[in-house]
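A.B. asks: Below are the sequence and a predicted model; questions follow.
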Amino acid sequence: MTAPLVEVEQLQTYFPIRRGLLRRVVGNVQAVDGVSFSISRGQTLGLVGESGCGKTTVGRSILRLVEPTGGRVAFDGLAVRDLRGRELRNLRRRMQVVFQDPYGSLNPRMTVRALIEEGLIIHGLGSATERVDRVVRALERTGLSRQALERYPHEFSGGQRQRIAIARALVLEPDFLVLDEPISALDLSIQAQVVNLLIELREQLGLTYLFISHDLSVVEHVSDEVAVMYLGRIVERATAAALYAQPLHPYTLALFSAVPTVDPARRRRRIVLVGDVPSPSNPPRGCRFHPRCPLAESVCREVDPPIVSLPGHAVHCHVAARELARCGGNASVAATAIAAMLAERATPATPTLSPG
Amino acid sequence: MEGSMTPTQPTRSGGFWAEAWRRYRRRPLALAALVFVGWLAVVALFAPAIAGTKPVLCRYKGHLYAPCLAFFDRRLEPAVFARDRFRGTYPQNLKEKDPDSWAIWPLFFQDPYRAVRENEWPGRPANPARDEGHPSASHPFGTDQYGVDVLAKMVHGTTVALLVGFVSMGLAGTIGIIIGALGGYCGGWVDMVTSRFTEIVMCIPTLVLILALTAIIEKPSIWKTMAIIGATGWTGIARLTRGEFLRLRQSEFVMAARAAGAGPVRIMLRHILPNALAPILVPITFGIASAILTESALSFLGFGPPPPSASWGSLLNDARSNYSMWWLVVFPGLAIFLTVLSYNLIGEGLQEATDPRLREARK
Amino acid sequence: MIEQPPPASLASPARPTPLLAIKNLVTAFHTPAGRIPAVDGVSLSIERGRTLGIVGESGCGKSVTAMSVVRLVASPGRIEAGEILFSAGGTTLDLATLPEPAMRSVRGGRIGMIFQEPMTSLNPVFTVGDQIAEAVLLHRRVSRGAARARALEMLQLVRLADPLQRLDEYPHQLSGGMRQRVMIAMALACDPELVIADEPTTALDVTIQAQILELLSELRARLGMAIVLITHDLGVVAETCDDVAVMYAGRIVEQAPAAELFARPRHPYTIGLLAARPSPGMKHAGPLWTIPGMVPLPQHFPAGCRFHPRCAYARLPAAESGSGRAVPRSAGDLPCNAAVPDLQEVAPGHWVRCFHADSLGPPRSAQEIAAGELSP
């Protein structure tokens, strides 16, 4: 088995909170706190979670757009955190990013041609004419025509701008693409177009994706493996099929059940979580999810949950660990049991005063 | 492949500035102000051709000369005229010393620095002085107490006024943008140092500083005044630039540029600065108006360049001791007022044309 | 564009007067670039106690419709035509032409509004309690103390923890979900008969959204007000609304009770929207179904049916069939690019604006279309 293209081990990114005249550090926003995963070449890892869970920061930390404060990031064997200067710049050619906001991620003062060409100029690739060719090729790959070259971003719609952003990422012919909520800001009828484009490009160019999103259905459709994040940590990770069929972590179950679905047959029993997400600068002790978890027990309040790894499925939860031990490692049995427990304890029919 | 390939708007956008210009054009006052300033610039540029006692172009002893340029810089006066003892009087000397000579004269034969003598221009009496110098057919704006024509002074004063505005603001803008950009982009201790420095300079009362510096400097000239105004007027621009750079540093397109491998210099110059420029131009424009006012104030107080100099403020200075000569107040005062007003209108128009928030409110 | 008579009420055939009846509403923006008809002949009716969902993508006019009802359309927008009949308390008012002072008493007093962005819809310099009390004081003659008590009552109603403490807190001290609850409390403070919620959960996380939607359902059951829910999320509509109206380019293209619409969508746009979502738990073998093209800009609305350039079913005259999509015209077929279809009732309470609503073959569900069969 070949080494994975991207390997992240105990990644930690804390943002210091400074107060006072001398700007002393009084605390840390623990945006990413011990995240580990690996992505093989050609695969897509989906990263889901709600706002504040740190998924965007994970993407940026891997690219070193934000400096990680701990852990290890390896890209094709290279230790990403140790690179400096020219080596770092060369690495950037191989890892690219597409951002969420098609309106903010393109410099409004630059023409489309200048935007896409910039990467080539920075890395000194090709003469002027060669650059234009490559830019046009990148544009056409994403479904735009050469006519767009001399235009400005504001002349395009959201979906088209996102295509420009994708073309910009592709022109350097990277191996790895971090897609940070690439379709969230787009209209529904355009989202499907861009998703299809991303999948097509992945197949044509053999790309590896880290697909970050809060949209569960799209993530499942696009990804091979999915990791669920909560408050800076991964709580569950599995192949897409396994995660959606047999979710083991209470948060994952709550997340799935919260998504409003059109088809009544597919609707899950809604598990309404109480309260809001705690602040990442002051995470709860033990399992970070315990204040909101309907199944929280005393051990959850004290001890960090262990990782339980099955083939193709890993979960960080005391309750899940216990259920899995009880049924001898059978994920689907455990999943059903956990779902039943949740349904029993967290039905919305009981009108309790919710904290938030 | 789905997805329409063509941009959503049929007509090409010429970019940010083209659109801003289109929006600017819609405001008649701003446009009028721009026209006025444009006209002033023309006047300033062609001042010696509009009012002067030296020919714009003349042919003398077989060569072409442009003596009027001496009004910009005394050293530009062709040496031949000094050798032939013209002593600054051209009309008769040209004819006497070279009958084949011809000359193109300025529109208005008057000198901004001295009163025109009797018969200097054949058939014309000397300039009236004192109270007889009220506006008349031959002196539309009158003459000052020494008989120097006010219109000529004002025409040449235009050059001074505009020069003061552009040079001092050019200097202030450059200093301000550099300091603000460094502070805003680098953050940390660089920001702390530049911010404190800016605040210290801000605390110094500008006019007092200028007066003090002017008093110390041995040979006060208009250039030194401009330099001082520029060196003290950059603080507001620096603050604004710092704010813009701080804000734009967080934009996603800057992050995208970093992801592509761009270094800090490229990001600052190519990405942040073009986006920050529009809001910065506004206080620069207002600063031009303020610089003109400052220079006028200095001249009015007597701290401007020494006589004989032509500046609007110096006319006001003369008016101080000659209350009965109302034309010494009205015309330069009006000129200063209109110029400062125009620059303010331009600044406002620029702000409205470029500020995205104001634009959205209109939508 | 003159509409046919507005569609029948979506509730029972024996029609009591609807709470809100919008008839042929036209709201346009007069910009330097021209007249933009954001809402172009929309007719809706909302019954007492029922929830109507208005669904569409950006630019379809759903928010402007809602704002028109309470006359909060930002200038240079103006209501140009149509009636907005609000029948409550025994009288019927035409909100489109009501004088402003009377309109002010309707806003907040009879019709409550919930906006999308709880961060910016609450005034950051006033406490939460003050803002709710202000809503009360504007419409009821009560003392400050009574208003404050009512504010506390509302905070309890929306299940905000520690309501007494929250009364004196500022918006920035609350989370997004909590702020949205405060907005709901403000909207309900004066017991309105109708609540208009403009994308109330779009800016919230999905678990918080679940909480808020749960809350809205419960409040509706308890207080009996009608709700107009504007959103782009079809799932939200499916789970919370009784009736649905789908808007496209300023017009309603389909209208039906929610269960009927999602089980048997008839308009090609609705079908496309439903098919374009990847269904959770069902991994598709191939690409997602897409609606080609983009939402047209108001300046360039197509002639005839506004959806036809993107419609897979559009029948154009054979001569214009360059894209190879056309089916030869048969007698009586109307070309989609020539005339605007009217709303027709294809099933009881189910209205569709499409020439081919009947002839699109047996009604197809979104899944069937996604499975690969397109042509009728």
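C.D. replies: Right, received. Where do you want to start? Numbers count the residues shown, from 1 in each chain, chains lettered A, B, ... in the order given.

A.B. asks: what's the burial count for residue C:18?
C.D. replies: By the criterion of other Cβ atoms under 10 Å in any protein chain shown, residue C:18 has 21 neighbours. From N, CA and C alone the C-beta is placed, and that goes for glycine too.

A.B. asks: Could you report the neighbour count for the nearest residue in space to it that is not next to it in sequence?
C.D. replies: Residue nearest to residue C:18 in three dimensions, not counting chain neighbours: residue C:45, with 3.9 Å by Cβ to Cβ, 6 or more residues apart in numbering or on different chains. Counted by other Cβ under 10 Å, the residues lying close to residue C:45 total 23.

A.B. asks: I'd guess residue C:45 is in a strand, am I close?
C.D. replies: Yes - under DSSP: H, G, I helix; E, B strand; the rest coil, residue C:45 falls within a strand.

A.B. asks: Show me the beta-bridge partners of it.
C.D. replies: On the basis of DSSP bridges, residue C:45 is bridged to residue C:21.

A.B. asks: pLDDT at it, what is it?
C.D. replies: In this model, residue C:45 is scored at 89, pLDDT.

A.B. asks: Tell me how far it lies from chain A.
C.D. replies: Distance, residue C:45 to chain A, using Cβ to the nearest Cβ, to the nearest Å: 24 Å.

A.B. asks: is it true that that residue touches residue C:16?
C.D. replies: No - when contacts are counted by Cβ atoms under 8 Å, residue C:45 is not listed as touching residue C:16 (10.7 Å).

A.B. asks: Not counting its neighbours along the chain, what's nearest the single nearest residue of the stretch 101-250 of chain C relative to chain A?
C.D. replies: Across the stretch 101-250 of chain C, the shortest distance to chain A (Cβ to the nearest Cβ) belongs to residue C:235, at 3.2 Å. Leaving out its chain neighbours, the residue that sits closest to residue C:235 by Cβ to Cβ, 6+ apart is residue A:260, at 3.2 Å.

A.B. asks: tell me the contacts of the one you found?
C.D. replies: Going by Cβ atoms under 8 Å, 6 or more residues apart in numbering or on different chains, residue A:260 touches C:209, C:210, C:213, C:233, C:235, C:236, C:238, C:239, C:240.

A.B. asks: Helix, strand, or coil at the spatially most central residue of chain C?
C.D. replies: Closest residue to the average C-alpha location of chain C: residue C:54 at 2.2 Å, with Cα atoms, centre = their mean. Following three-state DSSP, we place residue C:54 in the strand state.

A.B. asks: among the contacts of residue A:260, which are in helices?
C.D. replies: C:209, C:210, C:213, C:235, C:236, C:238, C:239, C:240 (DSSP state H).

A.B. asks: Can you tell me the SS state at the closest residue to the first one other than its chain neighbours?
C.D. replies: Spelled out, that is residue C:209. Spatially, and ignoring its direct neighbours in sequence, residue C:209 is nearest to residue C:201 (4.0 Å; Cβ to Cβ, 6+ apart). Counting by three-state DSSP, the backbone at residue C:201 sits in coil.

A.B. asks: give the contact list for residue C:201.
C.D. replies: By Cβ under 8 Å, 6+ apart, the contact set of residue C:201 is C:180, C:208, C:209, C:212, C:213, C:231, C:233, C:236.

A.B. asks: and what of residue C:287?
C.D. replies: A:196, A:199, A:200.

A.B. asks: Would you confirm that the first one contacts residue C:288?
C.D. replies: Yes - Residue A:196 is in contact with residue C:288 according to Cβ under 8 Å; the separation is 5.6 Å.

A.B. asks: Overlap of the contact sets of residue C:45 and residue C:16?
C.D. replies: The contact sets of residue C:45 and residue C:16 do not overlap (Cβ under 8 Å, 6+ apart).

A.B. asks: if we can go back for a sec, of all the ones in helices among the contacts of residue A:260, which comes closest to chain B?
C.D. replies: The closest of the ones in helices among the contacts of residue A:260, once distances to chain B are taken by Cβ to the nearest Cβ, is residue C:235, at 23.6 Å.

A.B. asks: So for stretch C:120-132, first residue to last residue, what's the gap.
C.D. replies: Using Cα to Cα, to the nearest Å, the end-to-end distance of stretch C:120-132 comes to 15 Å.

A.B. asks: which parts of that stretch are buried?
C.D. replies: Residues of stretch C:120-132 classed as buried: C:121, C:122, C:127, C:128, C:129, C:130, C:131, C:132 (neighbour count, 16 or more other Cβ atoms under 10 Å in any protein chain shown).

A.B. asks: so which pair among those residues is furthest apart in space?
C.D. replies: Distance extremes for the buried residues of stretch C:120-132: the farthest pair is C:121 and C:129 at 16.3 Å, using Cβ to Cβ.

A.B. asks: where does the stretch 51-200 of chain A come near chain C, residue by residue?
C.D. replies: Contacts of the stretch 51-200 of chain A with chain C, taken as Cβ under 8 Å from any Cβ of the partner chain, map to A:51, A:157, A:159-160, A:187-193, A:195-196, A:199-200.

A.B. asks: Run a quick neighbour tally on residue 147.
C.D. replies: Let's take chain A. 13.

A.B. asks: other chain: chain C
C.D. replies: Neighbours around residue C:147, by other Cβ under 10 Å: 21.

A.B. asks: Identify the residues contacting it.
C.D. replies: So residue C:147 contacts C:133, C:134, C:136, C:137, C:140 (Cβ under 8 Å, 6+ apart).
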